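*Asks:* quick one: sequence plus predicted model below, questions after.
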Amino acid sequence: EDQVTQSPEALRLQEGESSSLNCSYTVSGLRGLFWYRQDPGKGPEFLFTLYSAGEEKEKERLKATLTKKESFLHITAPKPEDSATYLCAVQARWGLQGAQKLVFGQGTRLTINP
Amino acid sequence: DAGVIQSPRHEVTEMGQEVTLRCKPISGHNSLFWYRQTMMRGLELLIYFNNNVPIDDSGMPEDRFSAKMPNASFSTLKIQPSEPRDSAVYFCASKRVQGSTYTGELFFGEGSRLTVL
């Protein structure tokens, strides 16, 4: 069964204090790993897609990396507006008519204190 | 451009009542997904459609749940009869799939928060 485990569940940082969020996955035939940001009362917002081990993507203070077993979301010099829940998801199968389901982790609730 | 539009945003109902949640996907998107989010189970896929056709409904919890997509711009998720354990936030999401290309970018609506008393 495809599984996604995120750690830590919650993380509190001071503004400017860099850190990393972890996403470990168990899936047969990874087709893609996705990071989303979710603010309270809102739907998840797409951040990154990673397709193969060694791939990296960056956006402002965020950088996502991927290995064969896990992904990291590195946040550099965070600001209070980076506070949100960060969700990781994997796509296990491919095909227009096939299963395109994303299996989500439970998320990491990130709080950046000013 | 308008995003995925869901209604109602909040619904409070009593056990046994019928609940209908509505979704308008982004124009031009041909895949539509219904997810449910709870504290205990996180985000779970209930059902998804490609070109208005249900492809995978294995996540639908039981026969009390049903979903339809009568056209490319509208979908409903119905719960009848509703139970307290159905209380959750229900998200609709859509994306555009072309050929064998999978972009991975799923656009979510703001969600419908359902409370069943």
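*Replies:* Yep, it's here.
*Asks:* all contacts plus neighbour counts: C-alpha atoms, from now on.
*Replies:* Fine.
*Asks:* the lowest-mean-pLDDT helix or strand in chain A: partners in the sheet, and parallel or antiparallel?
*Replies:* Using mean pLDDT, DSSP states H and E, strand A:102-104 stands out as the lowest-scoring helix or strand of chain A, at a mean of 88. Applying DSSP bridges, strand A:102-104 is found paired with strand A:84-91 (antiparallel).
*Asks:* quick one, strands of chain A?
*Replies:* Here chain A has its strands, by DSSP state E, at A:3-7, A:10-14, A:19-26, A:32-38, A:45-50, A:56-59, A:62-66, A:70-75, A:84-91, A:102-104, A:108-113.
*Asks:* and chain B, by the same measure?
*Replies:* Going by DSSP E, chain B shows strands at B:5-7, B:10-13, B:19-24, B:31-38, B:42-50, B:53-56, B:65-71, B:74-79, B:88-95, B:107-108, B:112-116.
*Asks:* just these: most buried one?
*Replies:* The highest average neighbour count among the strands of chain B, using mean count of other C-alpha atoms under 10 Å in any protein chain shown, belongs to strand B:88-95 at a mean of 26.
*Asks:* tell me the angle that one makes with strand B:31-38.
*Replies:* Here strand B:88-95 runs at an angle of 160 degrees relative to strand B:31-38 (axes from the mean of the first three to the mean of the last three C-alpha atoms, to 10 degrees).
*Asks:* contacting residues around stretch B:52-66?
*Replies:* Under the criterion C-alpha atoms under 8 Å, 6 or more residues apart in numbering or on different chains, residues A:97-99, B:30-32, B:44-49, B:68-72, B:77-82 lie in contact with stretch B:52-66.
*Asks:* sorry, back to before: need the strands of chain A in TSV (columns: mean neighbour count).
*Replies:* Formatted as TSV, those follow (neighbours: other C-alpha atoms under 10 Å in any protein chain shown):
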stretch	mean neighbour count
strand A:3-7	18
strand A:10-14	15
strand A:19-26	20
strand A:32-38	21
strand A:45-50	20
strand A:56-59	14
strand A:62-66	20
strand A:70-75	21
strand A:84-91	24
strand A:102-104	23
strand A:108-113	19
